[in-house]
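Novice: The following comprises the amino acid sequence and a computationally predicted model.
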Amino acid sequence: MQLPLGLPALTTVLTVSQLNQRIRERLESSFDEVWVVGEISNFRVPPSGHFYFSLKDQRSQIAIVMFRSANQLLPFRPEDGMEVIVRGHVGVYEARGGLQLCAEAMEPRGLGSLQLALEQLKKRLAAEGLFAESRKRPLPFLPQSVGIVTALKGAAIHDLLAVLRARCPRIHVILRPVRVQGTGAAPDIVQAIADLNRVPSVEVIIVGRGGGSIEDLWAFNDEGVARAIAASRTPIVSAVGHEMDVTISDLVADRRAPTPTAAAAMVVPDQRDLVAQLDKHALALRLGVQRRIRREHEHVAALARHLRDPRQVLKTVQQRVDELSERALRAATGRLRFGQQQLRGAAERLQALSPLAVLHRGYSIARRADDGTVIRDSTSLRIGDDLRLVFARGTARVRVEDTGAN
């Protein structure tokens, strides 16, 4: 066969696929495990769940693929701009002939993967408002029942019970034992919180454990635990490790106690303090009542000084009544005397006008004897008419013998 391009007869002509396969095989044998540091760019996750991005430095870059089976083990989520160290092998994506690094593990540079994952979770939960003070609830002042989520064997439960019994001996405690570290600890804590929320008498829950390394405390940085605390019907106090250990559970809980001992002191008041406060309030109340009674006595005394003796008032009124009575009597007497004078004058005037008075002066009244008509004119008489004369005292019957004018 005549070879094209004038190639020698023994020259092997490869297909593109064969070439890419050979390159891949060479690269994989030569770079079966490499560590590469660089900055992530163009990070993307298609529906398959594989990670695709470029790893670059100031002068060069290389395509990275991290399959889902590997990236599921990452405790943090890569993002653009993050500087990482990638372990993997160099290969070729034969379909496009592209050089790529197949990542098998990845660590953030300068910051541990656990710490990075913690910071990323904090940032995400804070953005959702789980750390907001506005969603935190007050603790009951004197709960009758306290739920505890911690390990059954450990210093934490011993300290919690000791402080609770010392401060409030009659407090009812419900312990829900859990694993506080290692595999399965986080879901165990989540379930314990749910269990105590189903107990109606539990008024507050303490979730915590004693101190340890960040790895030991890691269950309390779990997202599931954080969301279980946020969703709890009952207020939760987080008490994890020592004062310097701040976990995500501490940030989400309604209250954070630096230690389990502090948590116990936080959820119940000291009975001795309550008794002392009651005594103090009782004394203040008693003194207040006494002051009030004294003020009222003084007020009544002041009012009494301004009050007049009712007997004296009655005497004054009686004196006034007597005075008015006398005045009224004098006025009535005067009015009566005046009336009598008026009546007497009127009587005298009336008497003066009476015909009887005229008769007493010597006059008489002539009336016809038959009908009593008063004779006022002599011309009305006839000789022989019978008349009756009326005198001041007595009457007389007379007959007209003569008449004449004056």
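Specialist: That came in fine, so what should we check first? Note that the structure is a prediction, hence the values are computed from the model and not measured.

Novice: Extract the C-alpha trace of stretch 250-258 and format it as CSV.
Specialist: Coordinates of each C-alpha in stretch 250-258 appear next as CSV, following Å, rounded to 0.1, in the frame of the first residue of the first chain:
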residue,chain,number,x,y,z
ASP,A,250,-24.1,26.8,71.0
LEU,A,251,-24.9,29.4,68.4
VAL,A,252,-28.3,27.9,67.5
ALA,A,253,-29.5,27.1,71.1
ASP,A,254,-31.7,29.6,73.0
ARG,A,255,-28.9,30.0,75.6
ARG,A,256,-25.3,28.9,75.6
ALA,A,257,-23.6,27.8,78.8
PRO,A,258,-19.8,27.7,78.9
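
Novice: How far does it sit from its chain's centre?
Specialist: Taking CA atoms, centre = their mean, to the nearest Å, one finds stretch 250-258 lying 23 Å from the centre of the chain it belongs to.

Novice: List of residues touching that stretch?
Specialist: Defining contact as CB atoms under 8 Å, 6 or more residues apart in numbering, one finds that stretch 250-258 is touched by 122, 125, 130-131, 136-139, 206-208, 220, 226, 229-230, 235-240, 242-243, 246, 263, 266. In short, each C-beta sits where N, CA and C put it, glycine included.

Novice: Any quick ChimeraX command for the buried ones out of the residues you listed?
Specialist: Buried residues within these, by 16 or more other CB atoms under 10 Å, are selected in ChimeraX with:
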select :122,125,130,131,139,206,207,208,220,226,229,230,235,236,237,238,239,240,246,263,266
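
Novice: Quick one: residues contacting the nearest residue to residue 190 once chain neighbours are set aside.
Specialist: Spatially, and ignoring its direct neighbours in sequence, residue 190 is nearest to residue 228 (4.3 Å; CB to CB, 6 or more residues apart in numbering). Contact criterion CB under 8 Å, 6+ apart gives 189, 190, 193, 194 as the residues in contact with residue 228.

Novice: any idea which element residue 228 lies in?
Specialist: helix 223-230 (DSSP states H and E).

Novice: Can you give the strand pairings for the helix or strand that that helix is followed by, parallel or anti for each?
Specialist: Helices and strands here follow DSSP H and E; after helix 223-230, the next one along the chain is strand 236-240. When pairs are called by DSSP bridges, strand 236-240 turns out to pair with strand 204-209 (parallel), strand 255-256 (parallel).

Novice: chain center to strand 236-240: distance?
Specialist: Relative to its chain's centre, strand 236-240 lies at 26 Å (CA atoms, centre = their mean).

Novice: angle of that strand against helix 223-230?
Specialist: 140 degrees (axes from the mean of the first three to the mean of the last three CA atoms, to 10 degrees).

Novice: Touching strand 236-240 from outside, list them.
Specialist: 139, 156, 193, 204-209, 217, 220, 229, 247, 249-250, 252-260, 262-263, 266-267.

Novice: quick one on the thing from earlier: can you pick the most crowded of the contacts of residue 228?
Specialist: residue 189 (27 neighbours; other CB atoms under 10 Å).

Novice: which residues touch that one?
Specialist: Residue 189 touches 149, 178, 180, 207, 219, 220, 222, 225, 228, counting by CB under 8 Å, 6+ apart.

Novice: of all the residues you listed, which comes closest to residue 315?
Specialist: Closest approach between the contacts of residue 189 and residue 315, by CB to CB: residue 207, at 85.6 Å.

Novice: Wasn't residue 200 part of a strand?
Specialist: No: counting by DSSP: H, G, I helix; E, B strand; the rest coil, residue 200 falls outside a strand, being coil.

Novice: Now for residue 162, how many residues are close by?
Specialist: 12.

Novice: sec struct for it, please.
Specialist: helix.

Novice: What's the separation between it and residue 264?
Specialist: In this view, residue 162 and residue 264 are 8 Å apart by CB to CB, to the nearest Å.

Novice: Also residue 197?
Specialist: Residue 197 is 20 Å from residue 264, by CB to CB.

Novice: between those two, which one's more packed in?
Specialist: The neighbour comparison of residue 197 against residue 264 (other CB under 10 Å) goes to residue 264, with 29 against 17.

Novice: ok, that one touching residue 208?
Specialist: No: in terms of CB atoms under 8 Å, residue 264 does not count as a neighbour of residue 208; the distance is 9.9 Å.

Novice: List the contacts of residue 97.
Specialist: So residue 97 contacts 16, 20, 23 (CB under 8 Å, 6+ apart).

Novice: Can you list the helices and strands that the worst-scoring helix or strand of the chain on mean pLDDT packs against?
Specialist: When the helices and strands of the chain are compared on mean pLDDT, DSSP states H and E, helix 355-360 comes out lowest with a mean of 78. Packed against helix 355-360, as judged by 3 or more CB pairs under 8 Å, 6 or more residues apart in numbering; DSSP states H and E, are no other helices or strands.

Novice: in which helix or strand would I find residue 159?
Specialist: Using DSSP H and E, residue 159 sits within helix 155-167.

Novice: Name the residues that touch that helix?
Specialist: In contact with helix 155-167 (CB under 8 Å, 6+ apart) are residues 146, 148, 150-151, 171, 173, 175, 180, 206, 208-210, 239, 259-261, 263-265, 267-271.

Novice: one more time with 7 Å, if that's ok
Specialist: For helix 155-167, contacts defined as CB atoms under 7 Å, 6 or more residues apart in numbering pick out 146, 148, 150-151, 171, 173, 175, 206, 208-210, 260-261, 263-265, 268-271.

Novice: Quick one: name whatever helix or strand follows the least confident helix or strand of the chain.
Specialist: The helix or strand immediately downstream of helix 355-360 is strand 365-368, counting by DSSP H and E.
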